[in-house]
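**Q** please find the sequence and the predicted model below.
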Amino acid sequence: MSDLQPKIALVIGVNGGPETGLAPLRYAEETARQVADMLASSVCNFTLHGGGPLLGEAATTDAVRRAIFDARRAAGQHGTLLIYFIGHGRYVTDHHGHSDVYLVTSNFRTDDARDDPHAHLSMEWLQEKVLRHHTPDRLLIVLDCCYAGAVGDAAPDPVVANLRRRLAQALDIQAPDTNRGVVSSMRKTLAAVSPWQKAYERDGATCYSAALLHGLRGAAVLEDGRVTWQSLHALLQRELADYQPGEYGFDRSEGVVLAYYPDRARVRTPNHQPFVIPHVPLPDADFVGREEELQRLAAMLIGADAGDVALLPAITGIGGIGKTRLAIEFVHRYRHHFPDGIFWLTMERPDTIEAQIAACGGTRGLQLFDDDQSELSSRQSTDFDGGTRNTERLSLHQRAELVRTIWEQPGCRLIIFDNLEDPALLHQWRPRGGGSRLLITTRRQTWATTSGVRTFSLNTLSDAASQALLLRPRAADRGCTIDQLLADPAEAKAAQAIIQELGGLPLALTLAGGYLAKSSVTLTRYRELLRSESIRHQSLNQELSEGLPQAERASIVAAFALSYQRLGDDPIDSLARTIWLAAAQLAPEPILEEVLMRAAAIDPADEDRCEQGTQALQRLRELGLIERSADGYRLHRLLGAYARSVSPDCAADWRRAAQGLAQTIQRLDDEWELSAPPFRDHIRRLLDAQMAGRDADSAALFHAAGLVMYADDNYPTARRYYEEALAIKDDVLGRRHRETAVTLHALGKVAQAAGDYPTARRYFLEDLEITEAVLGRRHRETAVTLHALGNLAQEEGDYPTARRYYEEALAIFEAVLGRRHRETAVTLHELGKVAQAAGDYPTARRYYEEALAIFEAVLGRRHRETFITRFARGWLVWQAIWETAACAVLTWFVLPDQIALIGAGLVLVLGAVGYFRWRQATGVVRVLWRVQVGWLVTLLLLNLLDPAPVDLSPVMVYALAAGGAALGLLWPRIMALPALRTARLRGRRWLYRGLQRLRALRRR
């Protein structure tokens, strides 16, 4: 291919200069040499102006200007000029406030550009003197520098300019025509980055120029063998999407060829391509559900979201979840949207991929060549200029490359990569351009963001779809409907239990449905068999000759083994195996990451080991052995059964799971963050299995179960678990052991919550005795028990005893943990509550304020404990105001008019003094308030009973009123009765949990 007009290339590269004020680049000048060599090669066929690139110190501002003008003259009126610049770009604002980007030459000085905008090469100068000049006819500028996109749409479109000129003449508008003479057909600028981004170097070149060279060397070649600025820019946009490379200006030329590869121009697409689906499996007649998933896939591949072909939808999920089924159904349901063909590749065996691609070009596919069974096949090729060559024999690689070339051309086609697990295979075989859309099915749940893969996670089937998949074959075999099969309530209940046992997994449901269609066993009996044999039952492992879609695994075990067998013996895979087998001992519900880490003996405080644990979990997700959920990680019910069936030591796995769960629960309880729902099912699952004897691990698990039940307000069950843990610890560790004391403490809390204060005190005192004997009086555990005793005395209304316990606990916490610690703040808060209950408002305020300051410093202002203390401080103020104001009003109401105001004022003074200074004044106000309330309530009741036939003398009325006053005076001690204390405590807990649920609903 030849071009009679001159093709001139000016290449400029500057690392930096002594007065630029910027750190010199490392690779700009070397990259310019590589670009110059490429442009001067026979492929590009440009003539280098000056015989070589303009580099380094030689590239001064004046030298670059002269070189541009000389190169423009060399290109002439009808030639092509390519100007390539690589170096720094810098924003400069002159004294008039005008900003522009300057190309930094070797003698660039910022102060010169600021004083004289024309002193150096600005984007504005490039627009006015180069892009707006009428020669040459075709001009392409490539800028690889920071802020290159500031060049903007520099040159006017000649069509628009001529239209403006004609309109001006027709309307007799006299205006200067600044664009006169600009009749060029092409003015394009390719910019490495947007006007607001910097360009970067890496791996021996700038990112943009490395991709540019990659494209010129053949990566951007079109079907006819040409590399144009359009194909080159399209490649740059795909490979450098994050840098936002841009193109500006217009091109009305017949096409500028930047490079030409004649050997790549030999492929011609057949004039007629019938709709083909080479090697796509047949549709599944029993496909049910997934309508929403199909619509989402359609939106991603053919809908409004399908504009970006660089985004690759990937259907992800565990083995047997129905990824391939969904892809097959989508292909057959939406095939009319891909008239240029649908191509199905199975990616499990990399050594067969090339042969599969080559087969897509045969007579059943693109019809590029004839199919035969030999290593080589033949075809007749056509030259770029239409001539016919002799018959050639093509190798397998050549046939595959021909198909891939067609895939990278414009058109509407769909390619499916089924069971793609290796990202390297995606990089190797995906189309690099054109209109082909790619759909992936994979067990791998994590992909690099740079791959363009957008995961589409597949969940289990709904109950309705599961029921149809399970029972439709049996109904068809018996000539009845599913409703008739389930007419018996026992059978309907059994069917639902089977669905739950199979976990909505489509492959398991298909296998079970095929078995039930041929078996006379009842659904109730089949449910019992599944519960006893689980994944080992023959229905889930038989080789069915029919009933499964093509390419589907014929066994649950085979489907799961494909993933499990990919785990190797390296440290990360070994750790992943340990975590996975331990997770299989837990319930098929979300599992906290901390539980899995601790099950593998990983301390969350050990950052190095935690990183290894994260990599192990990532590996499990890559293999589709575990799924990530919003609440942690989840192991499907059948996948867990498979894990237990292949485990070499289920007892050891159970022990690891129990340790991980118990340690996590204990840590959350110690930090007052324990919530029952994430652990309830896992606890029950482990206790039901109970693979360990009466040892320390079993005791720890029973204790953790008690903690969960206590957090769930299930006190009888919590007491039962704690008592079991205590019995085991007595046998294994002895009564006077630290762990035994921990369980005694927990039993005391349960008894206290149930209102059994004597029993609670007995447990707490025994706990205190053991803890003090084992750990000493000045220990954190001892302080925790003292705190619990103080809380118990506080609930009983024994405030002096409560204060004594709290103050000793505070002294120990302060000595062991420091004053600014969370547990210290909790004790201060409780001391504030005791002082408030006793009417000592100044002391209560001081305790609350100190606790609040510590909470805000340690936990932050938006933490639950901070909010509780802030609320308590505010409530203290309102309680003082309410008591004083109500007492003053009642005093004014009761006393004679002559002294009513004086009495009310005196009460207000007493209330203010009591709040700020003397607690005795608050005590007086409280006594008055309670007497008044008791007196008035009694009189009110007597007034309501006035119509009754009871003749009460004035003396009796006053006597009853006095009794009411005494009742009001003794009201605090009445409310301190155990039964009433228990009811109030439960009411507060119920209210708190209700508020927590309300907040959770609002967040959702």
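**A** The structure has been received and is ready for your questions.
**Q** show me the contacts for the most centrally placed residue in the chain.
**A** Per Cα atoms, centre = their mean, the C-alpha nearest to the average position across the chain is that of Ala630, at 8.2 Å. Taking Cβ atoms under 8 Å, 6 or more residues apart in numbering, we find Ala630 in contact with Pro590. Quick note: C-beta positions are derived from backbone N, CA and C, even for glycine.
**Q** from Ser457, how far out is it?
**A** For Ala630, the distance to Ser457 (Cβ to Cβ, to the nearest Å) stands at 12 Å.
**Q** same question for His120.
**A** As defined by Cβ to Cβ, His120 lies at a distance of 55 Å from Ser457.
**Q** now swap in Phe287 and tell me
**A** Separation of Phe287 from Ser457 (Cβ to Cβ): 19 Å.
**Q** which one of these two has more residues nearby?
**A** Neighbours per residue, other Cβ atoms under 10 Å: of Phe287 and Ser457, the larger number sits with Phe287, 19 against 14.
**Q** contacts only, for the more buried one.
**A** Applying Cβ under 8 Å, 6+ apart, we find Phe287 in contact with Arg325, Glu329.
**Q** mind telling me what element it is part of?
**A** Using DSSP states H and E, Phe287 falls within no helix or strand.
**Q** okay, now the residue lying closest to Tyr208 once chain neighbours are set aside: neighbour count?
**A** Setting aside the residues directly before and after it, Tyr208 is nearest to Ala192 in space (Cβ to Cβ, 6 or more residues apart in numbering), at 3.7 Å. Ala192 has 30 neighbours, counted by other Cβ under 10 Å.
**Q** what ranges do the strands span in the stretch 401-550 of the chain?
**A** Along the stretch 401-550 of the chain, the segments classed as strands by DSSP state E, counting those that start in this stretch run 413-418, 436-442, 453-457.
**Q** single out the most deeply packed of those strands.
**A** With neighbours taken as mean count of other Cβ atoms under 10 Å, the strands of the stretch 401-550 of the chain reach their highest mean count in strand 436-442, at a mean of 25.
**Q** so what does that one touch, helix or strand wise?
**A** Under the contact definition 3 or more Cβ pairs under 8 Å, 6 or more residues apart in numbering; DSSP states H and E, strand 436-442 sits against helix 291-301, strand 312-316, helix 323-333, strand 413-418.
**Q** tell me the strands beside it, with direction?
**A** Taking DSSP bridges as the criterion, strand 436-442 forms sheet pairs with strand 312-316 (parallel), strand 413-418 (parallel).
**Q** give me phi/psi at the residue nearest to Tyr208?
**A** Ala192 adopts backbone torsions of phi -70, psi -40, taken as degrees, to the nearest 10.
**Q** once you drop chain neighbours, what's closest to Met597?
**A** With sequence-adjacent residues excluded and distances taken as Cβ to Cβ, 6+ apart, Met597 is closest to Gly613, at 4.8 Å.
**Q** unless I'm mixing things up, that neighbour is touching Val595, no?
**A** No - between Gly613 and Val595 there is no contact under Cβ atoms under 8 Å: 11.4 Å.
**Q** residues shared between the contacts of these two?
**A** With Cβ under 8 Å, 6+ apart, Gly613 and Val595 have no common neighbours.
**Q** who are the contact partners of Arg296?
**A** Contacts here follow Cβ under 8 Å, 6+ apart; on that basis Arg296 touches Phe456.
**Q** ok, it to Arg290 distance?
**A** With Cβ to Cβ as the criterion, Arg296 and Arg290 are 10 Å apart.
**Q** please apply the same query to Gly776.
**A** For Gly776 relative to Arg290 (Cβ to Cβ), the value is 64 Å.
**Q** neighbour-wise, which of the two wins?
**A** The neighbour count for Gly776 versus Arg290, taken as other Cβ under 10 Å, is higher for Arg290 (21 against 11).
**Q** for His745, see how far away that one is.
**A** The spacing between Arg290 and His745, counted by Cβ to Cβ, is 53 Å.
**Q** ok, now Glu593?
**A** 29 Å.
**Q** neighbour count: these two, which is higher?
**A** Between Glu593 and His745, counting by other Cβ under 10 Å, His745 is the more crowded of the two (21 against 17).
**Q** my read: the more buried one touches Val784, true?
**A** Yes - look at His745 against Val784 with Cβ under 8 Å: they come within range, at 7.3 Å.
**Q** skipping adjacent residues, who's closest to Thr843 in space?
**A** Among residues not flanking Thr843 along the chain, Ala835 sits closest, at 4.2 Å (Cβ to Cβ, 6+ apart).
**Q** I should have written Leu236 there, sorry.
**A** Spatial nearest neighbour of Leu236, excluding adjacent residues (Cβ to Cβ, 6+ apart): Pro245 at 4.7 Å.
**Q** quick check: that neighbour touching Cys207?
**A** No - counting by Cβ under 8 Å, Pro245 stays clear of Cys207, with 9.5 Å between them.
**Q** redo the strands of the stretch 401-550 of the chain as CSV? Include distance to Pro648.
**A** As requested, the strands of the stretch 401-550 of the chain are exported to CSV (distance: least, Cβ to Cβ, whole Å):
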stretch, distance to Pro648
strand 413-418, 33
strand 436-442, 29
strand 453-457, 31
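**Q** Gln127 is nearest to which of those strands?
**A** Of all the strands of the stretch 401-550 of the chain, it is strand 436-442 that lies closest to Gln127, at 38.4 Å by Cβ to Cβ.
**Q** contacting residues around that closest one?
**A** Contacts for strand 436-442 (Cβ under 8 Å, 6+ apart): 297, 301-302, 306, 309, 312-316, 323-324, 326-327, 330, 338, 407-408, 411-421, 426, 430-431, 453, 624.
**Q** filter those residues to the buried ones?
**A** Neighbour counting with 16 or more other Cβ atoms under 10 Å marks 297, 301-302, 309, 312-316, 323-324, 326-327, 330, 338, 407-408, 411, 413-421, 426, 430-431, 453, 624 as buried within the contacts of strand 436-442.
**Q** not counting its neighbours along the chain, what's nearest Ala651?
**A** Met691 (4.5 Å).
**Q** what sits against that neighbour?
**A** Cys650, Ala651, Trp654, Arg655.
**Q** now list the buried members of those.
**A** Cys650, Trp654, Arg655.
**Q** tell me the one of the residues you listed nearest Asp608?
**A** Asp608 lies nearest to Arg655 out of these, by Cβ to Cβ, at 24.4 Å.
**Q** and the gap between that closest one and Thr206?
**A** For Arg655, the distance to Thr206 (Cβ to Cβ) stands at 56 Å.
**Q** repeat that for Phe108.
**A** From Phe108 to Thr206 the distance is 18 Å (Cβ to Cβ).
**Q** which one's more surrounded, these two?
**A** Higher neighbour count among Phe108 and Thr206: Phe108, with 28 against 23, using other Cβ under 10 Å.
**Q** isn't the residue nearest to Thr843 right next to Ala851, touching?
**A** No - if you go by Cβ under 8 Å, Ala835 and Ala851 don't touch, sitting 11.9 Å apart.
**Q** more crowded one of the two?
**A** Ranked by neighbour count (other Cβ under 10 Å), Ala835 and Ala851 place Ala851 first, with 27 against 23.
**Q** what helix or strand does that one sit in?
**A** Assessed by DSSP H and E, Ala851 sits inside helix 841-858.
**Q** which residues in the stretch 101-250 of the chain form strands?
**A** So, for the stretch 101-250 of the chain - with DSSP E, counting those that start in this stretch - the strands run 121-122, 138-144, 186-191, 201-202, 205-206, 226-228, 246-251.
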